[in-house]
Structures are given as C-alpha cells and as structure tokens.
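S.K.: What follows is a predicted protein model with its sequence.
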Amino acid sequence: QVQVVESGGGLVQPGGSLNVSCAASGRILRIYGMGWDRQAPGKQRESVVKWPTGGPVDLANSVKGRFTVSRDDAKNTMYLQMNNLQPEDTAVYYCYIQGERGTSGYEGDFKIWGQGTQVTVSS
C-alpha cells in the first residue's frame, strides 16, 4: 500500500522559520497532487497549499509571501518552508498526497494524509 510520513515542525519564536516535509512510499504509480492543511485549536481546518502535479501552486492568502513549497518527485516528497512565522500560524499541519497505486499497472486511486505535525509559534 501507500504510506505518508511527515517530519519537521516544532517550536519557534515569532519571525522564525521552520521546514516540514511530507514523504510518500509504497506502491505508487503516479502522483496527482500534494498539499497541506492546518488546524489551529478551536478553529476549522483550512487549506494552506494545494499543488497538483504539473499545475500551479495554490497558496492560502494568509501565508503568501512567507511560505514556499518545493517537491522532489524522484523521492515522492514535498517540502513546506515557513518563514516569518507568527503566533496565528500555530496549528497541527497535515499533508496529503494523492495519486494512483500500482507498480506495473493501475491498481486504484489513493489520497493519504500524514499523521500531522505540530507547529507552535510563541515567544
């Protein structure tokens, strides 16, 4: 099957930076897209970034100019670089990877979420 593992996150002071990564492994035939959501305490989950393969990056207005994404398709990994972090960025960040399962042929679609990683911005 397919597994998705997040790493990174942690505690940082306002204005600081963090990098989180999201890696997929397993029987992956093709990746359609990757993205990140976040959920702050007491708030609804919101999209941070959506990145369809071959398409434009769609960043939430609240993070534009501060967050950037990159990906290594050979490693099925996406990276979220977060700069100038603010207390309102404090949340659990969840990545997802969406695509097709299989090795020599198509076996089905998947959309797998990571386990979530805590990002805390506080002085």
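M.R.: All right, it came through fine.
S.K.: Can you report phi and psi for the residue of the chain positioned farthest from its centre?
M.R.: Distance from the C-alpha centroid of the chain, by C-alpha atoms, centre = their mean, peaks at Ser104 (27.3 Å). In terms of degrees, to the nearest 10, the main-chain angles of Ser104 are phi -90, psi -10.
S.K.: Wait, Gly114 touches Leu80, no?
M.R.: No: using C-beta atoms under 8 Å, Gly114 is not in contact with Leu80, being 11.2 Å away. C-betas here are computed from N, CA, C, even on glycine.
S.K.: Same drill for these two, tell me which one is more crowded.
M.R.: Per other C-beta atoms under 10 Å, whichever of Gly114 and Leu80 has more neighbours is Leu80, with 27 against 22.
S.K.: Quick check: closest non-adjacent residue to the more buried one.
M.R.: Val20 (4.9 Å; C-beta to C-beta, 6 or more residues apart in numbering).
S.K.: For Leu59, give me its contacts.
M.R.: By C-beta atoms under 8 Å, 6 or more residues apart in numbering, Leu59 lies in contact with Val48, Val49, Phe67, Val69.
S.K.: Out of those residues, list just those in strands.
M.R.: Of those, the ones assigned to strands by DSSP state E are Val48, Val49, Phe67, Val69.
S.K.: Roughly how far does Lys121 sit from Gln98?
M.R.: Slight slip there: residue 121 is Val, not Lys. 28 Å (C-beta to C-beta, to the nearest Å).
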